[in-house]
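> One predicted model, sequence on top.
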Number of protein chains: 2
Amino acid sequence: MTAEPLAEALVLNAFQVMGVLTRTGAEHDLSLTQLRVLGILRDRRLRVTELAAYLGLDKSTMSGLIDRAERRGLLARDKNPDDRRAVDVYITDAGQQLAARLQEQIQRALMPMIDRLDAAQQRRLTELLDAASPPDRTAAAVLSPRADRAG
Amino acid sequence: MTAEPLAEALVLNAFQVMGVLTRTGAEHDLSLTQLRVLGILRDRRLRVTELAAYLGLDKSTMSGLIDRAERRGLLARDKNPDDRRAVDVYITDAGQQLAARLQEQIQRALMPMIDRLDAAQQRRLTELLDAASPPDRTAAAVLSPRADRAG
DNA sequence: AGAAGTAGTTTGTAGTACCAACTAAATCCA
DNA sequence: TGGATTTAGTTGGTACTACAAACTACTTCT
């Protein structure tokens, strides 16, 4: 009782969307985190620590995450020429292709939800979600590159 | 291009909400999954396999999850009297209290998002999210008990 | 130049999640 | 009825995720 119904709806909705992301990732043997990494690096080259900051993870966690993605040929490391302690991480062509395929697939998988609304409702929902979103740059891009610039 | 902006908004929003849930859970040493288990069992007593089905997890995963929650005194097991192969899982008083506290905390943590909208917008967003949600009973309750009955 | 700080990796531990193999109990069927 | 099959749950093995602490290499500060 007195439960904030919008909070309820947001949480329920988030679980549904995360379910889509998790299942889509799983089809390609990617965890949610790996999905985010791929999405973030789609249009950026970042240092290990920057990447960790985007994801809110420890740098030691990033090391392993990058190792495994690198072994799969999705990401690669480069020594940073300006600061020789630093390591830049970037997405490979194979990673780029996979990211594009994931984007399509995620959009397709979200269509059942989207199609329950007519065009006007879709526009309105988009507006309201955008309005509710704090301008938070740690919220990772997962679909289009630059998604997190929109906030 | 041709990127579905609503898909984008839904994903971004989902990450923001999941961030809140993850952080709130972490404050109490609960993973997202444990959070969901607690939410689901708030008003239900389920067998291990039913619980696994709700969460989309393997029953062997459930065993471990329940073990750890039981060790912490949040859940308990009971032999099912009707089917002696089956094991019922239920929430303890301590678990119930923790779940209530989590609900409050999650709602509070979502307020920054909610407060960006005025009352009419909040109502509208709730309606649209509900309208977009497929009537999916595997989408778990996390806040109020019975959240998943609303769909 | 030496001290302090920063970037990233490595190591160790715990939790999550799967699959395959197993035990115990229920159901099927013949 | 009584053995074969199916179902419920646990156990054991493996891989990934994540953190903290310790460590190396490099940079920056004084």
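Received the coordinates, thanks.

> how about the strands in chain A?
With DSSP state E as the criterion, chain A has strands at A:46-47, A:75-79, A:87-91.

> Tell me the residues of chain A that contact DNA strand C?
Contacts of chain A with DNA strand C, taken as C-beta under 7 Å from any atom of the strand, map to A:47-50, A:59-60, A:62-64, A:66-67, A:77, A:80, A:83, A:85-88. Yep, even glycine has a C-beta here, placed from its N, CA and C like the rest.

> Which among these count as buried?
A:47-48, A:50, A:62, A:66, A:87-88 (16 or more other C-beta atoms under 10 Å in any protein chain shown).

> A:P135: which of these is nearest?
Of all these, A:E50 has the smallest distance to A:P135: 18.6 Å, by C-beta to C-beta.

> Please name the residues that touch the closest one.
Residues near A:E50 by C-beta atoms under 8 Å, 6 or more residues apart in numbering or on different chains: none.

> do you know how far it is from chain B?
Distance, A:E50 to chain B, using C-beta to the nearest C-beta, to the nearest Å: 18 Å.

> Repeat that for A:R77.
Counting by C-beta to the nearest C-beta, the separation of A:R77 from chain B is 26 Å.

> Model confidence score at that residue, please.
Reading off the confidence values, A:R77 has pLDDT 98.

> Skipping adjacent residues, who's closest to it in space?
Among residues not flanking A:R77 along the chain, A:V87 sits closest, at 5.2 Å (C-beta to C-beta, 6 or more residues apart in numbering or on different chains).

> thought that neighbour was touching A:A76?
No: using C-beta atoms under 8 Å as the test, A:V87 is too far from A:A76 to be in contact (10.3 Å).

> can you give me the helices for chain A?
Ranges of helices in chain A, per DSSP state H, are A:5-27, A:32-40, A:48-55, A:59-71, A:93-114, A:119-132.

> quick one, phi psi at A:P134?
Note on A:P134: backbone dihedrals following degrees, to the nearest 10 are phi -70, psi 150.

> quick one: it and B:L110 touch, right?
No: using C-beta under 8 Å, A:P134 is not in contact with B:L110; the gap is 11.0 Å.

> Could you check which of the two is surrounded by more residues?
B:L110 (23 against 11; other C-beta atoms under 10 Å in any protein chain shown).

> Report the contact partners of that one.
B:L110 neighbours (C-beta under 8 Å, 6+ apart): A:4, A:6-7, A:10-11, B:17, B:20.
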